[in-house]
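> coordinates for the following, if possible.
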Amino acid sequence: NNKVIIKLADRQIVESEAERIYEPALKQNVAFLVVGDPVCATTHSDLMLRAKEYGCKVEVIHNCGIMGAAGSSGLSLYNFGHTVSLCFFEKKWRPTSSFYSKVLWNRKGGLHTLCLLDIKVKEPDFDAMMRGKTKYLPPRFMTVPQACHVLIEAEQRHSQQAFDPQTTLCVGLARLGKQTQFIKAGTLQELATIDFGQPLHSLIICGDLHELELEVLQQFLLEGSQYQPQNTARIPDPILPDTWNPDQVDDAQDRDPELDEPE
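Numbers count the residues shown, from 1 in each chain. The predicted structure is shown next:
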């Protein structure tokens with residue numbers, strides 16, 4: 001029987017019901033198709049480990065993804081530091097600590113920061129669930145302007161000069177690899193005013209720039225941009241404990257008790 005069966009695997013299946021994917025692979029070929037490179041997500045690595053432990057043979061076919069396509073900006077991939085994720089803010093939950101500390105770490109070392117922007121797909125509608133209905137919210141994809149506002153608020157909150165919204169050069173990326181690919185460079189305040197069109201979007205905060213990187217970026221630079229070349233070595237050293245590690249910052253401190261509604 002050569003019939004090919006295609007099933008959509010949403011987040012619930014991949015993260016909570018992964019056995020539905022790898023258990024049939026003991027008796028037949030199963031392909032798990034993803035957007036981007038499969039080994040760039042820890043969820044996929046966990047799936048591969050569990051499949052091997054179950055006795056399945058696992059083969060990885062690599063794909064292009066944002067981690068490599070970011071080089072379309074002209075920035076050298078050798079000069080990137082920690083990659084960070086930016087989340088949609090909510091009324092009571094505005095996480096900035098975990099990504100801000102990594103951006104600061106990168107910029108102190110003169111490294112660029114790739115920011116991956118939030119994707120909300122098949123998110124449950126809790127108001128509908130309280131009425132006994134199963135309903136999902138419309139998909140949401142964070143845009144470059146939204147990411148700019150998240151970063152600007154993070155700098156205002158932490159004030160450790162990881163970047164300057166008015167002068168630090170950043171690069172907005174949209175739909176890389178498609179014919180409608182769109183790239184623009186400018187400051188956070190400038191990029192916050194640009195319509196980047198349909199998703200998916202990403203953002204890069206530049207570190208120290210080589211003259212060749214700057215030359216390539218000129219073709220994407222917004223006319224009249226007020227960015228200023230910066231020597232990141234001048235960023236003040238943050239006041240941190242001796243054991244501080246940017247990978248061990250807890251976003252729990254970002255919950256503002258003043259925003260909590262009374263019970």
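> next, give phi and psi for the residue nearest the centre of the chain.
The C-alpha lying nearest the average C-alpha coordinate of the chain belongs to Leu116 (Cα atoms, centre = their mean; 1.4 Å). The phi and psi values for Leu116, taken as degrees, to the nearest 10, are phi -90, psi 130.
> what about the spatially closest residue to Arg140 that is not a sequence neighbour, distance to Arg20?
Setting aside the residues directly before and after it, Arg140 is nearest to Lys120 in space (Cβ to Cβ, 6 or more residues apart in numbering), at 4.1 Å. Every C-beta, even on glycine, is put in place using the N, C-alpha and C of the backbone. From Lys120 across to Arg20, the span is 23 Å (Cβ to Cβ, to the nearest Å).
> by mean pLDDT, point me to the weakest helix or strand of this protein.
Ranked by mean pLDDT, DSSP states H and E, the helix or strand of the chain with the weakest confidence is helix 126-130, at a mean of 75.
> which residues are in contact with it?
Thr134, Lys135 (Cβ atoms under 8 Å, 6 or more residues apart in numbering).
> one more: stretch 205-219?
73-76, 79, 81, 103, 106-107, 109-113, 115, 151, 163, 168-171, 185, 229-232.
> tell me the buried residues within those.
73-75, 79, 81, 103, 106-107, 110-113, 115, 151, 163, 168-171, 185, 230, 232 (16 or more other Cβ atoms under 10 Å).
> so which of those sit within strands?
Counting by DSSP state E, the part of these found in strands is Thr113, Cys115, Cys170, Val171, Ala185.
> could I get those residues as CSV with distance to Leu221?
Formatted as CSV, these follow (distance: Cβ to Cβ, whole Å):
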residue, distance to Leu221
Thr113, 19
Cys115, 19
Cys170, 11
Val171, 9
Ala185, 5
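> for those, give me TSV that also has pLDDT.
Below are these laid out as TSV (pLDDT from 0 to 100):
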residue	pLDDT
Thr113	97
Cys115	97
Cys170	97
Val171	98
Ala185	98
